[in-house]
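A.B. asks: below are the sequence and a predicted model for it; my questions follow.
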Amino acid sequence: MEVENISEQQIAKDIRANLEMILKENTWLLKQVDFNEVATLVNDIKSAHHIFITAAGRSGFAMRSAAMRLMHLGLKVHFVGETTTPAILKGDLLIAASASGTTSTIVRAAQKAKEMGAMVVAISTQEDSLLSGLADQVILVPAAGKQDLESSRSAQYAGSLFEQFLLLLTDSVFQSLWKLEGIPAAELWKRHANLE
């Protein structure tokens, strides 16, 4: 394979254009989401005894970030699959993110949560999926799924738009919870990991 010699200036211009496209797609997606559903999630988080979070792959990275921020607020939050994650029970909340809504580990977690009487909130691109069918509430994020390679919704590869938006959405939820709780930033910082 012959590699074309491209100047750093051309590469820089391309990277900037890519970033502008990514931000534009996320701004478009923001306008497609029902934020009343997201507001309900804020209240669900506030009333839950424990919050469990599950997602896989890059969505999992985004949702681990969400778990960290909820921990900073002093909430009892656990990421499913970690060795220190306790049993889910009635009065608890499972937040399950899967673009396809069919990821087997995520669906199984939702099934178990329902069996135990916990509430399930799904974040997905698919309203009609196994995960959405199990959920008490669905936050629909109409981004392209990772297997939707010919999508007109995103010029990005695979599920990138969904994964990015998950991080932005959950950070926005954190911001609302933080404002509602009125906890000074210095208090949150005391909970930040110090064994790094």
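C.D. replies: Okay, I see it. Residues are numbered from 1 along each chain as shown.

A.B. asks: so S176 touches V42, yeah?
C.D. replies: Yes. The criterion here is CB atoms under 8 Å, and S176 meets it with V42 at 5.4 Å. From N, CA and C alone the C-beta is placed, and that goes for glycine too.

A.B. asks: can I assume G81 sits in a helix?
C.D. replies: No. The assignment for G81, made by DSSP: H, G, I helix; E, B strand; the rest coil, is coil rather than a helix.

A.B. asks: where does the prediction get shaky in the chain?
C.D. replies: Across the chain, the ranges flagged by pLDDT under 70 are 1-3, 145-152.

A.B. asks: centroid residue for it?
C.D. replies: Centroid-nearest residue in the chain: L166, 3.5 Å away (criterion: CA atoms, centre = their mean).

A.B. asks: quick one, what contacts that one?
C.D. replies: A55, S59, A62, M63, A66, A97, I123, V141 (CB atoms under 8 Å, 6 or more residues apart in numbering).

A.B. asks: A17 - how many residues pack around it?
C.D. replies: A17 has 10 neighbours, counted by other CB atoms under 10 Å.

A.B. asks: tell me who's in contact with it.
C.D. replies: Listed by CB under 8 Å, 6+ apart, A17 has no contact partners.

A.B. asks: buried residues of the helix or strand it falls within, list them for me.
C.D. replies: Here A17 sits within helix 8-30, counting by DSSP states H and E. For helix 8-30, a neighbour-count test (16 or more other CB atoms under 10 Å) marks I22, E25, N26, L29 as buried.

A.B. asks: A122 belongs to a strand, doesn't it?
C.D. replies: Yes. Assignment of A122 by three-state DSSP places it within a strand.

A.B. asks: tell me the spacing between the residue nearest to it when sequence neighbours are not counted and T83.
C.D. replies: Spatial nearest neighbour of A122, chain neighbours left out: A135 (3.7 Å); criterion: CB to CB, 6 or more residues apart in numbering. Distance of A135 to T83, given as CB to CB, to the nearest Å: 26 Å.

A.B. asks: the two: which is more packed in?
C.D. replies: Using other CB under 10 Å as the criterion, A135 and T83 rank with A135 on top: 23 against 4.

A.B. asks: is the more buried one in contact with A97, as I believe?
C.D. replies: No. Using CB under 8 Å, A135 makes no contact with A97, being 11.0 Å away.

A.B. asks: re earlier: quick check, nearest of the contacts of L166 to N18?
C.D. replies: A62 (19.2 Å; CB to CB).

A.B. asks: mind listing what that closest one touches?
C.D. replies: Neighbours of A62 in contact, by CB under 8 Å, 6+ apart: A55, A97, E163, Q164, L166, L167, T170.
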